[in-house]
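**Student:** fold the following, please.
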Amino acid sequence: MNSVMAAIPFPQATGFAITSLVQVFQSVLLNQVGGDTSRVFISYSDGVVDASGDAPHSDADGLRWALSTSSDIARIESAVRKQNVKLLVGLDFPVRQPIYGKLRAAGIESIVSYLGAPSSSVNTGLRLLSRRIDVALARWAPEHFIFETEAMRSTGVRGRGIPIQSTSVVPLGVDTSIFRPHQDDKEYPYMALGIPTDRHLIFYSGHFETRKGVGVLINALTVLVEKFGRKDVHLVLVGNRTGEEIPYRDMLLNSPAYDHVTFGGYRDDIARLHRGCAMGVIASTGWDSMTMSSVEMQSSGLPLIVSDLQGLPETIEQGVTGEVVPVGDSHQLAATVHQLLQDPSKLARMREAARTRAVALYDRTSQIQTLSAVVGQSWARRRGVWA
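**Tutor:** Numbering: from 1, shown residues only. Purely as a prediction, here's the structure:
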């Protein structure tokens, strides 16, 4: 019987965002094979597991999709043949990769690439034409490319030259039954993190690498406390690994804002923390698009302030569920936070609108249904082509 596989070019224990996406991939693939878990495989760079999470094939461990040395290619080809894999969904698979021809020869009928990162900068003129020619000549390329936002699709279509008819946009999804407002939990973050209860909590969750704009958030906090005199705000930052908070804490030395920030590290109570927060912020300065935290915060009913960068503005409705601020502008970010806190009725309307938008657009069930349809249609069109 035919099997299906998702290829993840990372170790199995990479992080919450990848784990969440893999769970979606599992559901999508199960939908392609009538729910038969024995026919669904997830290939990581450090092993292959089936839909139950077990590691059934010791001869298929360590399939390094991105490296594609001759040894890697042979082992991947063997695993595909052994399990009779016909459909492959690859995370961040490029247009060209040496292994594609071998995969077709091994029996793969359809390759679908899910791109969670930009595939190129946007190009025009001769440069874009050359990219289009390159794509046209890529005989074994994936048939379809899935993006999370229109801005990200633009990096593939206007940057890499991928035909728009070979693309789809499917937003991220979240479990809206877990990430939801809950009046009885409003005091939870104060108790869990030891924060004075007379402060409005401004929330961020994510990585602490430079492009995520954590430094912009710290500078905005300084402006809020020192310029606007807001002793009633508190910045909650979670997702830092041990020691990653030190340079940001040092930015606040000798500032009255020093005691107005909490670094929460990695946590499993994010949904409960949301329920006591006033708003969320994503101040990325390097490439970024739709983030899992953006849909989680809105599902929890948090108005969201985002930087004007690639797909981030698509995650909100400007002035209704959140606000957009210039990239790297900590002063404008602080002013926007201040203005929202000055207008409690608007903030309340935004909270309700954010929740409504998330349920309508970012529910995980809808995400899985849409992805299943896109992947299934791609596979149906390609069955038998490579036989």
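
**Student:** need the contact list for L129.
**Tutor:** Counting by Cβ atoms under 8 Å, 6 or more residues apart in numbering, L129 touches G161. Where C-beta positions appear, they are placed from N, C-alpha and C, glycine not excepted.

**Student:** Three-state assignment for it, please.
**Tutor:** helix (DSSP: H, G, I helix; E, B strand; the rest coil).

**Student:** what residues sit buried inside stretch 162-178?
**Tutor:** I162, S166, T167, S168, V169, V170, P171, L172, G173, V174, T176 (16 or more other Cβ atoms under 10 Å).

**Student:** kindly report the same for stretch 295-309.
**Tutor:** By 16+ other Cβ under 10 Å, the buried positions in stretch 295-309 come out as 295-307, 309.

**Student:** so for stretch 278-290, what's the average pLDDT?
**Tutor:** Averaged over stretch 278-290, pLDDT sits at 92.

**Student:** and that stretch, end to end?
**Tutor:** Length of stretch 278-290, first residue to last, Cα to Cα, to the nearest Å: 21 Å.

**Student:** strands along the stretch 101-250 of the chain, start to end?
**Tutor:** 110-115, 144-147, 167-169, 200-205, 233-238 (DSSP state E, counting those that start in this stretch).

**Student:** returning to what we had before: same list (the buried residues of stretch 162-178) but as a markdown table, adding pLDDT.
**Tutor:** Formatted as a markdown table, those follow (pLDDT from 0 to 100):
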| residue | pLDDT |
| --- | --- |
| I162 | 91 |
| S166 | 95 |
| T167 | 96 |
| S168 | 97 |
| V169 | 96 |
| V170 | 96 |
| P171 | 95 |
| L172 | 94 |
| G173 | 96 |
| V174 | 95 |
| T176 | 97 |
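
**Student:** picking up where we left off before, quick one: which of the buried residues of stretch 295-309 sit in strands?
**Tutor:** Using DSSP state E, the subset of the buried residues of stretch 295-309 located in strands is L304, I305, V306, S307.

**Student:** still on that earlier bit, from the buried residues of stretch 295-309, which is closest to M251?
**Tutor:** S307 (18.4 Å; Cβ to Cβ).

**Student:** how far away is the closest one from G328?
**Tutor:** Using Cβ to Cβ, to the nearest Å, S307 is found at 7 Å from G328.

**Student:** need the residues touching each of these two.
**Tutor:** Taking Cβ under 8 Å, 6+ apart as the criterion, S307 and G328 both touch G213, V216, A283, T285.

**Student:** about what we covered before: export the buried residues of stretch 162-178 as CSV, with columns for distance to D269.
**Tutor:** Listed next are the buried residues of stretch 162-178 as CSV, based on distance: Cβ to Cβ, whole Å:
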residue, distance to D269
I162, 40
S166, 41
T167, 37
S168, 34
V169, 32
V170, 28
P171, 25
L172, 21
G173, 21
V174, 16
T176, 17
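
**Student:** dump the strands of the stretch 101-250 of the chain to TSV, plus distance to V80.
**Tutor:** Below are the strands of the stretch 101-250 of the chain laid out as TSV (distance: least, Cβ to Cβ, whole Å):
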stretch	distance to V80
strand 110-115	11
strand 144-147	19
strand 167-169	24
strand 200-205	37
strand 233-238	39
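
**Student:** closest one to P247 among these?
**Tutor:** strand 233-238 (12.6 Å).

**Student:** let me know the angle separating that closest one from strand 200-205.
**Tutor:** 20 degrees (axes from the mean of the first three to the mean of the last three Cα atoms, to 10 degrees).

**Student:** what comes into contact with strand 233-238?
**Tutor:** Applying Cβ under 8 Å, 6+ apart, the external contacts of strand 233-238 come out as 189, 193, 195-196, 199-205, 208, 214, 217-218, 221, 224-225, 245, 248, 260-267, 270, 273, 277, 337, 341.

**Student:** so where do the helices sit in the stretch 151-300 of the chain?
**Tutor:** 188-193, 214-226, 246-250, 270-274, 292-299 (DSSP state H, counting those that start in this stretch).

**Student:** adding distance to E317, write these out as TSV.
**Tutor:** Formatted as TSV, these follow (distance: least, Cβ to Cβ, whole Å):
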stretch	distance to E317
helix 188-193	26
helix 214-226	22
helix 246-250	30
helix 270-274	19
helix 292-299	10
